[in-house]
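Asker: Mind folding the following:
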Amino acid sequence: MRARFWAGGGLLLVAVALLIVNGVRSASQYYLTVSELRARAAALQGRPIRLSGIVDGGTIRYDPEALHIEFGLVERVADIGKGQPLKVVYRGAKPDLLQNEAQAIVEGTLGPDGVFYAQTLLLKCPTRYEEAEVKP
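Answerer: Numbering: from 1, shown residues only. The predicted model follows:
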């Protein structure tokens, strides 16, 4: 009787430990940069990806009728206007923060055409905070 109790308790502890490890692993999803995605594009095509980059404001296209947004992501602010940004397609209302130099995190998949199809779009304001001058 006692052996069954200890065996059942041990199985319960193992099950709880597996649930904790699995939960932590799925919650700690790493994001890729634009250059990392391009370097591993063939292997990552069609798989769920979280991607971080800077919005190139000159590439933003929005169709309010179809709720269709297209924009380009670059690695750094210095890359805006240089080279080819990664094209991102998102369906939904245009966020107010979608503007030039905004930091974006998108979740979705890379299509065979090299376009990133985002299901989730998170933006950080590009505003640079400056100290206000204190007048005596």
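Asker: Show me what the longest strand anywhere in the chain packs onto, helices and strands only.
Answerer: Assignment by DSSP state E gives strand 49-63 as the longest strand of the chain. Here strand 49-63 touches strand 32-33, helix 34-39, strand 68-74, strand 86-91, strand 103-110, strand 116-124, going by 3 or more CB pairs under 8 Å, 6 or more residues apart in numbering; DSSP states H and E. (Each C-beta comes from the backbone N, C-alpha and C, glycine too.)
Asker: residue ranges with poor pLDDT in the chain?
Answerer: 23-29, 126-136 (pLDDT under 70).
Asker: try 80 this time
Answerer: 1-2, 5, 20-30, 125-136 (pLDDT under 80).
Asker: Tell me what the residue nearest to residue 56 when sequence neighbours are not counted is bridged to.
Answerer: Leaving aside its chain neighbours, residue 56 sits nearest to residue 72 (4.1 Å; criterion: CB to CB, 6 or more residues apart in numbering). With DSSP bridges applied, residue 72 shows beta-bridge pairing to residue 56, residue 87.
Asker: shouldn't residue 72 be in contact with residue 61?
Answerer: No: using CB atoms under 8 Å, residue 72 is not in contact with residue 61; the gap is 9.8 Å.
Asker: what about the residue nearest to residue 56, neighbour count?
Answerer: 23 (other CB atoms under 10 Å).
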